[in-house]
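Enquirer: Below are the sequence and a predicted model; questions follow.
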Amino acid sequence: MCRLVTGVYKVIEAQLQISSERYYSCEITRTLPVRVNLIAINGPVGFGIIEALDGKESTLAAYVESMRRSSSILSFDITYASPSMYWTRAHHELGGESIHETILESGCMNRLPIVIQKGLQNHTVLAPSQEAFKTMYEALTDRFTEVRIRRISRSPVGQFLPRLTVKQAEAFRIAFRNGYYDMPRATTVEKLGRKLGIKRVAMQERLRRAERSVLQQYADNYL
């Protein structure tokens, strides 16, 4: 029987950079200018979007060829293609646990996408406790060449990136729904402020702080 835990408690959220010698995704992205966005995982099958950072389709073709030559890959299919981006499905078979499986076995989980670039896998990991995070980290450092913690924080359950306050989230939601981010804009900061009963300056500050949090998440994951 599953016992529900009630009350407010903290979840650890960490951004990790992981690299390993002789790990196919790290090896290939060390030599090719591509960014792999691993969007979904179903056991040994991964679904990703591969971007050519130099804008060349020949780079994507070289990535596909390298994946199909890898001894860790059973099959590799392109499900959609454009000159600068491929959607792919990869079925892999490793000699041991993958990075993703190592994270899961400790009771932690990945928040997708996993971004792979320049030989590094960038993971956003959620851990239910300090003990679970410690177990996961020790297993990763034992199995893989390099594990670096880029950022770590503790958040109440259900409050994950981007971390907006209640007031910031409300301001952002109203701005988005009223066309503030349309081109051209369908409203002004002053009109949005009146909807919330606050001054223009206060509305502008809430939006800027919300935008900063959203952009920070993008920068951490992709830049």
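Expert: Perfect, I can see it now.
Enquirer: from here on, contacts and neighbour counts on C-alpha atoms
Expert: Will do.
Enquirer: Mark out where each domain of this structure begins and ends.
Expert: Split into domains by automatic domain parsing, the chain comes to 10-155, 166-222.
Enquirer: And the shortest one, how far out from the chain middle?
Expert: This means domain 166-222. Between the mean C-alpha point of domain 166-222 and the mean C-alpha point of its chain there is a distance of 23 Å (CA atoms, centre = their mean, to the nearest Å).
Enquirer: What of stretch 29-49?
Expert: 12 Å.
Enquirer: end to end, how far does it reach?
Expert: Taking CA to CA, to the nearest Å as the measure, stretch 29-49 stretches 14 Å from start to finish.
Enquirer: Would you mind checking the average pLDDT for that stretch?
Expert: Per-residue pLDDT over stretch 29-49 has a mean of 95.
Enquirer: Tell me which residues of that stretch come out buried.
Expert: Neighbour counts using 16 or more other CA atoms under 10 Å place 29, 32-38, 45-49 of stretch 29-49 among the buried residues.
Enquirer: what's in contact with that stretch?
Expert: Applying CA atoms under 8 Å, 6 or more residues apart in numbering, the set of residues contacting stretch 29-49 from outside is 50-54, 59-60, 62-63, 85-93, 112-120.
Enquirer: cool, and stretch 135-149?
Expert: The contact list for stretch 135-149 (CA under 8 Å, 6+ apart) reads 14-21, 99, 102-103, 105-106, 108.
Enquirer: again, but for stretch 70-80
Expert: Stretch 70-80 is touched from outside by 24, 64, 67-68, 86-94, with contacts defined as CA under 8 Å, 6+ apart.
Enquirer: for it, which positions count as buried?
Expert: 72-74, 76.
Enquirer: circling back: mind checking which of the contacts of stretch 70-80 land in helices?
Expert: When DSSP state H is applied, the contacts of stretch 70-80 are split such that 24, 64, 67-68 fall in helices.
Enquirer: Among those, which pair sits farthest apart?
Expert: For the ones in helices among the contacts of stretch 70-80, the farthest-apart pair by CA to CA is Y24 and V64; their separation is 12.2 Å.
Enquirer: This protein: strands as residue ranges?
Expert: With DSSP state E, the ranges of strands along the chain come out as 10-19, 34-42, 45-52, 73-82, 85-92, 109-110, 114-117, 120-127, 146-156.
Enquirer: which stretch among those strands comes nearest S213?
Expert: Nearest to S213, of these and by CA to CA, is strand 146-156 at 14.3 Å.
Enquirer: Check which residues of the closest one are buried.
Expert: For strand 146-156, burial by neighbour count (16+ other CA under 10 Å) applies to 147, 154.
Enquirer: partners of that strand, with directions?
Expert: strand 10-19 (antiparallel) (DSSP bridges).
Enquirer: Nearest residue to H100 in space, please, no chain neighbours.
Expert: Setting aside the residues directly before and after it, H100 is nearest to N110 in space (CA to CA, 6 or more residues apart in numbering), at 7.3 Å.
Enquirer: Report the beta-bridge partners for the one you found.
Expert: If you apply DSSP bridges, the partners that N110 bridges to are V125.
Enquirer: Report the contact partners of it.
Expert: Under the contact definition (CA under 8 Å, 6+ apart), the residues listed for N110 are 100, 103-104, 123-126.
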